[in-house]
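Q: Next input, structure requested:
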Amino acid sequence: MKQQTEDPLIRISINWARWKHLLIAGFKFLVLAGRKIGEFILKTILRILILILRGTLATYKALRDFAKSRQRGFWILLLILAIIAGLLYARRVFAEKDSQYKELQHFHQIQLDETQKLMEENKELDEELKDTKEKLEAKMNTPVTVASARVTTIKPLPEEIKQIIATHADNYGVNRKYCECIISLESGGRPEAVGDNGAAVGVAQYHLGTYLADARRVGLPVKDDRTNPDTSIQAMTAALARGEDSKWTASRSCK
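A: The predicted structure is shown next:
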């Protein structure tokens with residue numbers, strides 16, 4: 001049997017010799033692998049360059065043959081015509097797209113303007129309704145005295161106004177005499193009548209906000225048409241049919 005070496009230095013020397021052998025073998029493998037990879041990359045690059053060179057030569061030969069061909073003028077003309085046709089088609093397509101875009105932009109602007117207008121009208125309507133509500137509440141809460149009561153002599157209404165009242169009162173199921181009494185006390189049947197410091201206008205003495213709200217509920221155009229006896233009386237009779245008599249202070253004197 002061999003005697004085993006117990007000296008640590010001898011063991012380290014033996015282990016280092018083994019590691020040295022493995023490191024050298026690994027280094028040689030890396031060098032060989034790097035060489036193979038480098039050769040593969042260089043060969044690939046050379047092949048690509050050769051293909052590019054062959055393609056360039058083939059293109060050159062084709063152009064040279066084309067230049068010597070008798071039909072080269074025809075093909076050149078055909079190519080120019082194809083380019084012009086493509087440009088004209090692209091121009092037409094771009095013009096159509098631009099026209100559609102402008103139409104959409106114009107339509108969008110119209111919608112924005114209408115929305116802004118409606119918002120302003122609604123704001124004005126809300127303000128008028130608020131003002132009317134405050135005035136009505138103030139009138140309802142103020143006791144009526146002899147000094148504050150309005151004394152008006154009822155005058156006969158024009159036949160034209162009476163005919164309009166009869167038409168709309170019958171349509172909405174409202175008493176004709178009741179409507180005639182209110183209009184007589186409010187305006188005397190005069191379309192140009194103005195009251196409440198200029199706020200109330202027309203035969204029905206409508207405030208703007210109140211009229212716009214009533215006109216909208218009966219399908220009339222939502223605009224200031226208070227001086228039109230027909231639309232004012234229609235909006236008024238419809239409101240009376242809904243039980244909104246308190247909009248006219250004269251209604252209490254006509255019951």
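Q: At which residues are the helices of the stretch 151-255 of the chain located?
A: With helices called from DSSP state H, counting those that start in this stretch, the stretch 151-255 of the chain shows them at 159-172, 176-186, 208-218, 229-241, 251-254.
Q: For residue 58, find the nearest of those helices.
A: Closest to residue 58 of the helices of the stretch 151-255 of the chain is helix 208-218 (CB to CB; 80.5 Å). Yep, even glycine has a C-beta here, placed from its N, CA and C like the rest.
Q: Which elements pack onto the helix or strand where residue 111 lies?
A: Element membership of residue 111 [criterion: DSSP states H and E] is helix 72-141. Helices and strands touching helix 72-141, as assessed by 3 or more CB pairs under 8 Å, 6 or more residues apart in numbering; DSSP states H and E, comprise helix 208-218.
Q: picking that back up, now do the helix holding residue 111: distance to the chain's middle.
A: On the basis of CA atoms, centre = their mean, to the nearest Å, helix 72-141 is displaced by 10 Å from the centre of the chain it belongs to.
Q: what is the mean pLDDT for that helix?
A: Summarised as a single mean, pLDDT over helix 72-141 is 81.
Q: that older thread, quick one: closest of the helices of the stretch 151-255 of the chain to residue 92.
A: Closest among these, once you apply CB to CB, is helix 208-218, at 47.5 Å.
Q: helices or strands up against that closest one?
A: helix 72-141, helix 229-241.
Q: I'd like to know which of these is closest to residue 21.
A: Evaluated with CB to CB, those place helix 72-141 nearest to residue 21, the distance being 71.3 Å.
Q: what angle separates the closest one from helix 208-218?
A: In terms of direction (axes from the mean of the first three to the mean of the last three CA atoms, to 10 degrees), helix 72-141 departs from helix 208-218 by 110 degrees.
Q: so which of the helices of the stretch 151-255 of the chain comes closest to residue 60?
A: helix 208-218 (81.7 Å).
Q: now the closest one, how far from the chain's geometric center?
A: Chain-centre distance of helix 208-218: 28 Å, with CA atoms, centre = their mean.
Q: picking up where we left off before, using CSV, please lay out the helices and strands packed on helix 208-218 together with distance to residue 32.
A: Output for the helices and strands packed on helix 208-218, formatted as CSV (distance: least, CB to CB, whole Å):
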stretch, distance to residue 32
helix 72-141, 55
helix 229-241, 103
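Q: Can you tell me which of those is packed in deepest?
A: Greatest average neighbour count among the helices and strands packed on helix 208-218 goes to helix 229-241 (a mean of 23), per mean count of other CB atoms under 10 Å.
Q: Give me the distance from that helix to the chain's centre.
A: That offset, for helix 229-241, works out to 36 Å (CA atoms, centre = their mean).
Q: Nearest to residue 58, out of the helices and strands packed on helix 208-218?
A: helix 72-141 (18.0 Å).
Q: re earlier: can you say which of the helices of the stretch 151-255 of the chain is nearest to residue 134?
A: Nearest of the helices of the stretch 151-255 of the chain (CB to CB): helix 208-218, 11.6 Å.
Q: Any buried residues in that closest one, and which?
A: Residues of helix 208-218 classed as buried by neighbour count (16 or more other CB atoms under 10 Å): 208-215, 218.
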